[in-house]
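> Here is my input, please return the structure:
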Amino acid sequence: MIDYRLYVSIDPNTRFGKPCIIGTRISVYDILSWFANGMTRSDIIEDYPELSSEQIQACLAYVR
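Take a look at the predicted model:
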């Protein structure tokens, strides 16, 4: 199990305090929305190459 705290932070000055991938403005909810709209992990990484598979996995761990 991945420790989401290594990849996800909550900063009130970034995206109004939504949980985001550290070093980006991409929120956990953005990633969940992409999955809900049918994107795969590969699709997300292709569209957002600054993301890693581990960061995406951390988002899933966060919502668990």
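> quick one: buried residues of the longest helix anywhere in the chain?
For the chain, the helix with the greatest residue count under DSSP state H is helix 53-63. Using 16 or more other Cβ atoms under 10 Å as the test for burial, helix 53-63 gives 55-56, 58-59, 61-62. Bear in mind the C-beta positions are built from the backbone N, C-alpha and C, glycine included.
> Let's have those in CSV, adding distance to I45.
Formatted as CSV, the buried residues of helix 53-63 follow (distance: Cβ to Cβ, whole Å):
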residue, distance to I45
Q55, 9
I56, 7
A58, 14
C59, 13
A61, 17
Y62, 18
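> which residues of this protein fall in strands?
Secondary structure of the chain by DSSP state E: the strands cover 8-10, 19-21.
> so what does the first one touch, helix or strand wise?
Spelled out, it's strand 8-10. Helices and strands touching strand 8-10, by 3 or more Cβ pairs under 8 Å, 6 or more residues apart in numbering; DSSP states H and E, are strand 19-21, helix 53-63.
> P12 is nearest to which of the ones you listed?
Proximity to P12 (Cβ to Cβ) singles out strand 19-21 among the helices and strands packed on strand 8-10, at 11.4 Å.
> which residues touch the closest one?
Residues from elsewhere that reach strand 19-21 (Cβ atoms under 8 Å, 6 or more residues apart in numbering): 7-11, 14, 26-29, 31, 51, 55, 58-59, 62.
> ok, 7 Å please
7-10, 14, 26-28, 51, 55, 62 (Cβ atoms under 7 Å, 6 or more residues apart in numbering).
> Can you select the buried ones among those for me in PyMOL?
Filtering the contacts of strand 19-21 down to the buried ones (16+ other Cβ under 10 Å) takes a single PyMOL command:
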select buried, resi 7+8+26+27+28+51+55+62
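> Let me see the contact set for the spatially most central residue of the chain.
The residue lying closest to the centre of the chain (Cα atoms, centre = their mean) is V28, at 4.0 Å. With contact set as Cβ under 7 Å, 6+ apart, V28 has these partners: 8, 19, 59, 62-63.
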